[in-house]
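Visitor: Show me the folded form of this:
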Amino acid sequence: MRSSLLLAVPLLIGTVVPALALRCGSELVVEGQSKFEVLQRCGAPAYTDEHIEYRAGGPNPTIPRPLDSLEQTYPFPVAREVSVEQWIYNFGPTQLMSSLTFENGRLIKIETLGYGR
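Guide: Numbering: from 1, shown residues only. As a prediction, the model looks like this:
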């Protein structure tokens, strides 16, 4: 009994899938991959949406601080431009749809939606 349990452990470890992953056929998509890598593994999504967000960044190191400035807030914070894309994959009525969010071309979030159509 003990030897069969020891043989089953490596089999289970080999099939562990990251919690935030998407399986497209035999391919696996994980956070951090590029849009190109996702397209290679899953093909074109059923729906896409794209927009630009402006987010507050840290101080702008390219603006020199004047020698006579005593203000603590100088240099001024800058806004960063972030390209955000959402892709929806619809795998049909028997499988859950997936939403993939990209920022500046990198996958940052994978969410499971309801069943497809």
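Visitor: Strands of the protein, start to end?
Guide: Assigned by DSSP state E, the strands in the chain fall at 21-24, 27-30, 47-59, 77-89, 96-103, 106-115.
Visitor: Considering the ones you listed, which stretch scores lowest in mean pLDDT?
Guide: Lowest mean pLDDT of these: strand 47-59, a mean of 85.
Visitor: just checking, what packs against that one?
Guide: strand 77-89 (3 or more C-beta pairs under 8 Å, 6 or more residues apart in numbering; DSSP states H and E). In short, each C-beta sits where N, CA and C put it, glycine included.
Visitor: what's stretch 78-96 in contact with?
Guide: 22, 24, 35, 38, 42, 45-60, 97-105, 112-117 (C-beta atoms under 8 Å, 6 or more residues apart in numbering).
Visitor: and with 7 Å instead?
Guide: With C-beta atoms under 7 Å, 6 or more residues apart in numbering as the test, stretch 78-96 has contacts from 42, 45-57, 60, 97-104, 112-117.
Visitor: burial count for the nearest residue to Arg117 once chain neighbours are set aside?
Guide: In space, and not counting its chain neighbours, Arg117 is closest to Pro93: 6.0 Å by C-beta to C-beta, 6 or more residues apart in numbering. Neighbours of Pro93 under the rule other C-beta atoms under 10 Å: 8.
Visitor: Kindly list the main-chain dihedrals of Pro93?
Guide: Main-chain dihedrals, Pro93, degrees, to the nearest 10: phi -70, psi -20.
Visitor: That one and Gly114: what is the separation?
Guide: 10 Å (C-beta to C-beta, to the nearest Å).
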